[in-house]
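Predicted model and sequence below, questions to follow.
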Amino acid sequence: MDVNRSTWARLRLELRVIGIAAPVTALAGPLGGAILVIVMRATGAGAEHLDLAAGAVLAGFAPLGTAVAASSIVGRDTGAELVMTSGVYRRVLFLRAGLVVAPAALVTLSDAVVFRALNAWPVGQGTGGYVLVWAPPMLWLVALAMLVAIGLRGPAAASGLIGGLWLAQYLMTRAIRDNTVLRSQYVFMGVATKVPAHDWTVNRIALPAVGLAALVAAGLLLGRPERFLGSDAA
């Protein structure tokens, strides 16, 4: 019982440190997107438009908002010096990121279930799409955003770079899909049409693989938390 109380007290403390802006940013995409698709369905939107809207929410806006929110927690703790001196800052920061990402992932999964029930579903996706449409892009974007934010010692640059990368992928679809390497890191492959099965499989494996590598790199950088203190002092 004491352990449970201690755990809940710790989680409440971390949520207070995180604040309200990061969770709101992470949940805005999946919640707002769900409302949009439901309204479109209720107002008689065509099947093609419903499919496009569902795909945009799952593979686009939900992963992007979650990545920006997760990176925003880097360097925001005014009491970071005390945490860092205990040698557990890496664990603390990943815990805080998890408290932002996990609810967004659960809501996005719920979106996928609702969208499928409404027949608003990306073309060519089966039941595996409940997870595979949004989870690989979300992991990839979150991991890269965290790595950039930690590497550059602040969330602002990470938000700009990740947002720019996401927009470039959206605007340069044809050029990216024509390049073997870039195609493997294309976040919208789960909702793209006329994709060869091999390319889709490689993409769905490559995105989380690179994401996990980025998380490992971020963890290694967090092994030197004094870098953040030097940045704050500057």
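Alright, I've got the coordinates. Numbering: from 1, shown residues only.

three-state assignment of Val123?
coil (DSSP: H, G, I helix; E, B strand; the rest coil).

Could you check how far it is from Ala149?
Here Val123 is placed at a distance of 35 Å from Ala149 (Cβ to Cβ, to the nearest Å). C-beta coordinates here come from the backbone N, C-alpha and C atoms, glycine included.

higher neighbour count, the two?
The neighbour count for Val123 versus Ala149, taken as other Cβ atoms under 10 Å, is higher for Ala149 (28 against 14).

Leu141 versus the closest residue to Ser72 other than its chain neighbours, what's the distance?
Leaving aside its sequence neighbours, Ser72 sits nearest to Pro155 (Cβ to Cβ, 6 or more residues apart in numbering; 4.5 Å). Pro155 sits 14 Å away from Leu141, taking Cβ to Cβ as the criterion.

More neighbours: those two, which one.
Leu141 (27 against 24).

For the longest helix anywhere in the chain, name the packing helices and strands.
In terms of residue count, the longest helix belonging to the chain (DSSP state H) is helix 89-117. For helix 89-117, the packing partners by 3 or more Cβ pairs under 8 Å, 6 or more residues apart in numbering; DSSP states H and E come out as helix 2-18, helix 21-42, helix 62-71, helix 80-85, helix 129-132, helix 135-151.

In it, which residues are buried?
Judged by neighbour count using 16 or more other Cβ atoms under 10 Å, the buried positions of helix 89-117 are 89-90, 92-94, 96-97, 99-101, 104-105, 107-109, 111-112, 115-116.
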